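Asks: structure for this input, please:
(chains A and B)
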Number of protein chains: 2
Amino acid sequence: MYDTYIILIMSRKISKDKIIKAAVSVFAEKGFDLATMDEIAKRSELSKGTIFLYFEKKDELIKQIAMLSIPYDVVEETLSGKYESAEEMLYDFGKKFMDKYKDSEMRSLLMMTIGNKRRYEVIKSKLKSVCMDKIDEFFKKVEELSGVEIPFTLRRSFFGALLCYLIWWEDNPLDPEEYVRQLSKTVLMSVRRERGDARS
Amino acid sequence: MYDTYIILIMSRKISKDKIIKAAVSVFAEKGFDLATMDEIAKRSELSKGTIFLYFEKKDELIKQIAMLSIPYDVVEETLSGKYESAEEMLYDFGKKFMDKYKDSEMRSLLMMTIGNKRRYEVIKSKLKSVCMDKIDEFFKKVEELSGVEIPFTLRRSFFGALLCYLIWWEDNPLDPEEYVRQLSKTVLMSVRRERGDARS
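Replies: Next comes the predicted model:
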């Protein structure tokens, strides 16, 4: 009885993973609007009936994939990390960010999610909580480590520069790691100078 | 004869403007994929036949609107301007950028264009020429004015921060002008410090 239950749970998990994997690939290729549940069923090698057990409407699946595409996990992971310096923290965030989006499907999905946020309330609020509140929390920690205030525009600059890297992934003159390394330095340059000034 | 020709040209221009205006509003609302030529005809108050005189396929219209949505005009205008300082140039670019995208339809279309660039070769190359070559030219002028090199990551930071403002337009804690003012200062902060150091 117990075994049957475990098997049921496991097979459900496997089906759900299969659906999400297929949805990621179909959505990334066709866009949220042109993707069909038929195509997702076909690519997941599951019946449409099985898919509807987990996701009643395409909208439900869109929301799930949109959540997956935003850097929520990256911010959370960095927030729970231990860092010696602000630069180390920025660099580690950037590295994790690039690691998530080196996958071209994930990049496409993030762009789509941003472009579609007006149409999905849940996407909008989740994206807002990452890009506003969580990033706020993130920079509070960076400020603690650096000992100086980081202006709002500089916070945005850091995040915006990462986003720009994704848009031009293949055409960037620097590899992701070098870009993140230089970016962390550049963003903190003025801050570090201020500290140096204060100390001297 | 001459008059008839002028009238013909003018009425063509009026029709084309009407189509583009309608397409902007339909595309911004429904997205490139779900928008239909029927809807665009309806909103422009022209027949579908008239529309097909100017744009043979929806793809042609998508390209035209995509071109319109990117900040090409803003970069060009700033490049032809005369500035006393790097900060003034950055600020003026930012102000023109915000002016273009204070229109919410234009913001939606830009996000869509970025999200769809892989699917349209012409969009991709135009967007690349703005975001890479033109921005390069732009920063060369900024560097001439400031007298120091502006690192690649800092260039990206400036542009990325502007892009982030668009994504969160209504939720930004600063108004566009103040944001641009602070951003121009912040981005040049380290540069100006370096100059100060060199001079002192």
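Asks: make it CA atoms for all contacts and neighbour counts henceforth
Replies: Will do.
Asks: enumerate the residues of chain A near chain B.
Replies: For chain A, the residues found near chain B under the criterion Cα under 8 Å from any Cα of the partner chain are A:33-34, A:108, A:111-112, A:114-115, A:151, A:153-154, A:156-164, A:167, A:179, A:182-183, A:186-187, A:189-190, A:193.
Asks: next up, phi/psi of the one residue sitting closest to the centre of chain A, please.
Replies: Taking Cα atoms, centre = their mean, the centroid of chain A lies closest to residue A:71, which sits 1.9 Å from it. Dihedral angles of residue A:71 (phi, psi; degrees, to the nearest 10) stand at phi -80, psi 30.
Asks: domain parsing for chain A?
Replies: A:2-57, A:70-190 (automatic domain parsing).
Asks: which single residue of chain A ends up nearest chain B?
Replies: Using Cα to the nearest Cα, the point where chain A gets nearest to chain B is residue A:160, with a distance of 3.7 Å.
Asks: residues contacting the residue nearest to residue A:150 when sequence neighbours are not counted?
Replies: In space, and not counting its chain neighbours, residue A:150 is closest to residue A:143: 6.4 Å by Cα to Cα, 6 or more residues apart in numbering or on different chains. Residues near residue A:143 by Cα atoms under 8 Å, 6 or more residues apart in numbering or on different chains: A:86, A:149-150.
Asks: now residue A:143: which helix or strand?
Replies: Using DSSP states H and E, residue A:143 sits within helix A:135-146.
Asks: how far does whichever helix or strand comes after that helix sit from the chain's center?
Replies: Downstream of helix A:135-146, the first helix or strand assigned by DSSP H and E is helix A:152-167. Computed by Cα atoms, centre = their mean, to the nearest Å, the chain-centroid distance of helix A:152-167 equals 14 Å.
Asks: now stretch A:106-118
Replies: With Cα atoms, centre = their mean, you get 10 Å for stretch A:106-118.
Asks: in it, what's buried?
Replies: Of the residues in stretch A:106-118, A:106-117 count as buried by neighbour count, 16 or more other Cα atoms under 10 Å in any protein chain shown.
Asks: could those be laid out in CSV, adding pLDDT and secondary structure?
Replies: Listed next are these as CSV, based on pLDDT from 0 to 100; DSSP: H, G, I helix; E, B strand; the rest coil:
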residue, pLDDT, secondary structure
A:106, 96, helix
A:107, 95, helix
A:108, 92, helix
A:109, 94, helix
A:110, 94, helix
A:111, 91, helix
A:112, 89, helix
A:113, 90, helix
A:114, 89, helix
A:115, 84, helix
A:116, 83, coil
A:117, 81, helix
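Asks: and which of these is nearest to residue B:100?
Replies: Minimum distance to residue B:100 across the buried residues of stretch A:106-118 is 17.6 Å, recorded for residue A:115 (Cα to Cα).
Asks: return the most buried member of the domains of chain A.
Replies: Of all these, domain A:70-190 has the most neighbours on average by mean count of other Cα atoms under 10 Å in any protein chain shown, namely a mean of 19.
Asks: quick one: low-confidence ranges for chain A?
Replies: Along chain A, the parts satisfying pLDDT under 70 run over A:1-2, A:190-200.
Asks: pull the longest helix from it.
Replies: Ranked by residue count and defined by DSSP state H, the top helix of chain A is helix A:2-34.
Asks: and the angle for it with helix B:2-34?
Replies: Helix A:2-34 runs at 180 degrees relative to helix B:2-34, counting by axes from the mean of the first three to the mean of the last three Cα atoms, to 10 degrees.
Asks: elements contacting helix A:2-34?
Replies: On a contact count with 3 or more Cα pairs under 8 Å, 6 or more residues apart in numbering or on different chains; DSSP states H and E, helix A:2-34 meets helix A:37-44, helix A:58-69, helix A:104-115, helix B:2-34.
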